[in-house]
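**Q** coords please:
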Amino acid sequence: MAKAIVGGGWLNTGGVGSGLVMIVEEHSYILPSYMGRAVICRYSGFSTSHSVHQHATFQFVYVLEGEFVFEIGEERERLQAGELCVLSPELSHQWYHPSGMHSRLYIFFCGVADHEQLGGLADFLAPWVRGQFRRVTLPLGEIEPLVSQLTASAARPETVRQAVQLALNLLIITAFCERIEATVPFQPRSDVPEGVMKAVAFIEKNYADALHLEQLAGLAALSPGRFSVLFNQIMGLPPMQYVNFYRLSKAQDLLLYSSLTLEAIAEKTGFRSLHYFCRAFRQALGEPPGIFRKKYWEKYREDKESRVTGDESMLHSGCGNTLYDQQQKQWKRQDDHADFL
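**A** Down below sits the predicted model:
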């Protein structure tokens, strides 16, 4: 089946996209392009991804409370509180949360970065480090205070809130990378041409700009033909298809975890017009972006209503930007015709 991009930048490899996800609390943070997004969530009862899938980015999962289970091929990895794992791009996996368990996780999706942005961490977060699963123990005392500050940052003045959240997420991911590198370091591929590395970093830093094959090939000091062959071998997609894929991945995050209008999302993700954005999105996912967003939040509202048991403290406390009511107000201000382009 054709690969389709879905929420969080993952590629569905079969089955239905989402399963019986019982998230009773979630705080989401959209971060600069080289960092992706972070999510703090609490699970109650049985939850599952339902289908085997893979991400276009790195996925870090740290268990703050309870436990969480990944299935990778025939292997089952059960993470307890204080354990961290990282799944590199294109690692096919499935997850579930055990029945009768209450758990809390910090999840971080992160793509490629260059040295100007993250220094030596840029080498660690390279997209050609593929198909690897790393697991380490990281004391809760090192991470819990940062996570507590992160959730409390919603009360900070708007003028500094985003900067504080960026700094805290960066401290958390730095601690993750340091522990993994010291314990079970990745083995980067030695055969990746430097030109391809530069081109990928340039795409993921400048995806909102107009990009051309000749421009990317020039960065790699290769002819367009030779560059396309090498890029496809390393990244699994031709250069301009990768550009489109990356833009759509970013667009999905903004659709699900921000209140930006469709016009603003199209502009921020490098599509030359709202019409072109809607057409590209429909071709990749089979439905327009507006419908994609509404279905997600209608499902979220249904799940939320089914979970209400009188304990409102277990529901979303407003620290993120993903509350259904906030999104509903935004939709009313958008042009309805854009949903059906």
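
**Q** these two touch, right, Trp95 and Ser51?
**A** No. Using C-beta atoms under 8 Å, Trp95 is not in contact with Ser51, being 10.5 Å away. Any C-beta I mention is one placed from the backbone N, CA and C, and that applies to glycine too.

**Q** who has more neighbours, those two?
**A** Per other C-beta atoms under 10 Å, whichever of Trp95 and Ser51 has more neighbours is Trp95, with 20 against 15.

**Q** give the contact list for that one.
**A** Listed by C-beta atoms under 8 Å, 6 or more residues apart in numbering, the contact set of Trp95 reads Thr48, Ser49, Phe68, Val69, Phe70, Glu71.

**Q** TSV please, covering those and showing neighbour count and pLDDT.
**A** Output for the contacts of Trp95, formatted as TSV (neighbours: other C-beta atoms under 10 Å; pLDDT from 0 to 100):
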residue	neighbour count	pLDDT
Thr48	16	78
Ser49	21	73
Phe68	25	93
Val69	15	93
Phe70	21	93
Glu71	16	92
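
**Q** Which of the residues you listed sits closest to Pro289?
**A** Nearest to Pro289 among these is Ser49, at 22.5 Å by C-beta to C-beta.

**Q** So Phe271 lies in a strand, does it not?
**A** No. Under DSSP: H, G, I helix; E, B strand; the rest coil, Phe271 falls outside any strand and is assigned coil.

**Q** rewinding a little: please narrow the contacts of Trp95 to those residing in helices.
**A** In this view, those have no member that belongs to helices under DSSP state H.

**Q** quick one: average pLDDT of stretch 219-229?
**A** For stretch 219-229, mean pLDDT rounds to 94.

**Q** Buried residues, that stretch. List them.
**A** Within stretch 219-229, the residues scored as buried using 16 or more other C-beta atoms under 10 Å are Leu219, Ala220, Leu222, Pro224, Phe227, Ser228.

**Q** Just put the residues you listed in CSV and tack on secondary structure and distance to Tyr242.
**A** Below are these laid out as CSV (DSSP: H, G, I helix; E, B strand; the rest coil; distance: C-beta to C-beta, whole Å):
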residue, secondary structure, distance to Tyr242
Leu219, helix, 14
Ala220, coil, 13
Leu222, coil, 16
Pro224, helix, 14
Phe227, helix, 12
Ser228, helix, 10
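
**Q** possible to save these as a markdown table with distance to Gly270?
**A** Below are the buried residues of stretch 219-229 laid out as a markdown table (distance: C-beta to C-beta, whole Å):
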| residue | distance to Gly270 |
| --- | --- |
| Leu219 | 17 |
| Ala220 | 20 |
| Leu222 | 23 |
| Pro224 | 20 |
| Phe227 | 20 |
| Ser228 | 20 |
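
**Q** got any ranges where the stretch 151-300 of the chain has weak pLDDT?
**A** 186-190, 299-300 (pLDDT under 70).

**Q** the strands in the chain, which residues?
**A** Using DSSP state E, the strands of the chain run over 4-6, 10-12, 23-30, 37-44, 47-48, 53-55, 58-65, 67-72, 75-80, 83-87, 94-97, 102-110, 133-137.

**Q** among the ones you listed, which is nearest Ala152?
**A** Smallest distance to Ala152 across the strands of the chain (C-beta to C-beta): 10.4 Å, for strand 23-30.

**Q** per-residue confidence averaged over that closest one?
**A** Across strand 23-30, the average pLDDT comes to 73.
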